[in-house]
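Visitor: need the 3D shape of this:
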Amino acid sequence: MVTETDLELRDGRKLHVYDTASAESSDRLAVFWHHGTPNIGAPPEPLFPAATRLGIRWVSYDRPGYGGSTPHPGRDIASAAADVSNIADALGIGRFAVMGHSGGSPHALVCSALRPDRVLGAVCVSGLAPLAAGELDWYAGMAEAGAAELRAAARGREVLEDHLVSTEFDPDQFTPADHAAIASDWSWLVDVAGQAIRGGLGGMVDDDLAYVAPWGFDPGPISSPLLLLHGGEDRIVPSAHSRWLARQSPAAQLWLRPDDGHVSVLSSGAAALAWLRQHATLG
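Guide: Residues are numbered from 1 along each chain as shown. Sure thing, here's the model as predicted:
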């Protein structure tokens, strides 16, 4: 069962929080799920069976501007570390792990970078590298529609907003394997994306602007265990991004799935969660 609550922050903002804790699961490892763009923050239902088997408690939240969370104007990627810490404090969670998919991956990564005292391990799936990443052709391999959206973001909020309202979703951003995953095990993503868009485009705009702006932290060596999972056929975030991130943190493990795309790579999500449970326990 997922419990939903609203957390009032000192700056007056509200975060809408999800938690699968129960009296029987108080000793489980808390894993903060970081959602993609555009999604709401509900924890990943397709991974619930694996989480139950592994003794994992999901905690998550709508990023500012999505769902029940109020906007945080000018937010950067680094701001997620403070939001997660505030949620953990409110729930009485001392140490925890993090997992993110797509746009959620940089937000999971920053928690490891800025809160090594609390984060036991991280899994980043299909995640971006910073726009300023040296020796990385950032847009290379992206589907035209996705690259155009991020290029618009790099030109500013007004240009991005005009772009989003004047273009239609391009299904060719996804591979045949992605479409198969969305039609079966990961159809849940359609639901959370639909809920996010019904609430307006504000959260999506703020996400895109944050991806192309300075992140507010150095995604260099991460002291806690880090797993980077990526599909070799990903057309939304090419796998070169995870390969770049792996070079920055030599201790990180990189799992490349050559035949997978942006969504179908989540077929390895349960295995990645098992990796996180093992390494977070060792941490």
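
Visitor: where in the chain is pLDDT low?
Guide: Low-confidence segments of the chain (pLDDT under 70): 23-26, 282-283.

Visitor: what segments of it are strands?
Guide: 3-8, 14-19, 29-34, 56-61, 96-101, 119-125, 226-231, 253-257 (DSSP state E).

Visitor: who's in contact with the longest one?
Guide: The set of residues that contact strand 119-125 without belonging to it, under CB atoms under 8 Å, 6 or more residues apart in numbering, is 29, 95-102, 105-106, 108-109, 111-112, 222, 224-230, 242, 245, 265-266, 269, 272-273, 275-276, 279-281, 283. Where you see a C-beta, it was placed from the backbone N, CA and C, and this is true even at glycine.

Visitor: now the residues you listed: which count as buried?
Guide: With burial judged by 16 or more other CB atoms under 10 Å, the buried subset of those is 29, 96-102, 105-106, 108-109, 111-112, 222, 224-230, 242, 245, 265-266, 269, 272-273, 275-276, 279-280.

Visitor: make CSV out of the strands of the chain and add distance to residue 153.
Guide: Below are those laid out as CSV (distance: least, CB to CB, whole Å):
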stretch, distance to residue 153
strand 3-8, 28
strand 14-19, 24
strand 29-34, 19
strand 56-61, 23
strand 96-101, 19
strand 119-125, 20
strand 226-231, 22
strand 253-257, 27
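
Visitor: which stretches of the protein form helices?
Guide: Taking DSSP state H as the test, the helices found in the chain are 48-54, 79-91, 104-114, 144-154, 157-166, 176-182, 188-198, 202-212, 240-248, 269-282.

Visitor: I'd like those helices laid out as JSON lines, including distance to residue 261.
Guide: Compiled in JSON lines, these are given as follows (distance: least, CB to CB, whole Å):
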{"stretch": "helix 48-54", "distance to residue 261": "21"}
{"stretch": "helix 79-91", "distance to residue 261": "25"}
{"stretch": "helix 104-114", "distance to residue 261": "15"}
{"stretch": "helix 144-154", "distance to residue 261": "12"}
{"stretch": "helix 157-166", "distance to residue 261": "23"}
{"stretch": "helix 176-182", "distance to residue 261": "4"}
{"stretch": "helix 188-198", "distance to residue 261": "13"}
{"stretch": "helix 202-212", "distance to residue 261": "19"}
{"stretch": "helix 240-248", "distance to residue 261": "14"}
{"stretch": "helix 269-282", "distance to residue 261": "14"}
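
Visitor: tell me which of those is the most buried.
Guide: Ranked by mean neighbour count, the helices of the chain are led by helix 104-114 with a mean of 27 (mean count of other CB atoms under 10 Å).

Visitor: relative to helix 79-91, how tilted is that helix?
Guide: Between helix 104-114 and helix 79-91, the angle comes out at 70 degrees (axes from the mean of the first three to the mean of the last three CA atoms, to 10 degrees).

Visitor: what is helix 104-114 packed up against?
Guide: strand 29-34, helix 79-91, strand 96-101, strand 119-125 (3 or more CB pairs under 8 Å, 6 or more residues apart in numbering; DSSP states H and E).

Visitor: let's have these in CSV, adding distance to residue 193.
Guide: Output for the helices and strands packed on helix 104-114, formatted as CSV (distance: least, CB to CB, whole Å):
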stretch, distance to residue 193
strand 29-34, 15
helix 79-91, 19
strand 96-101, 12
strand 119-125, 16
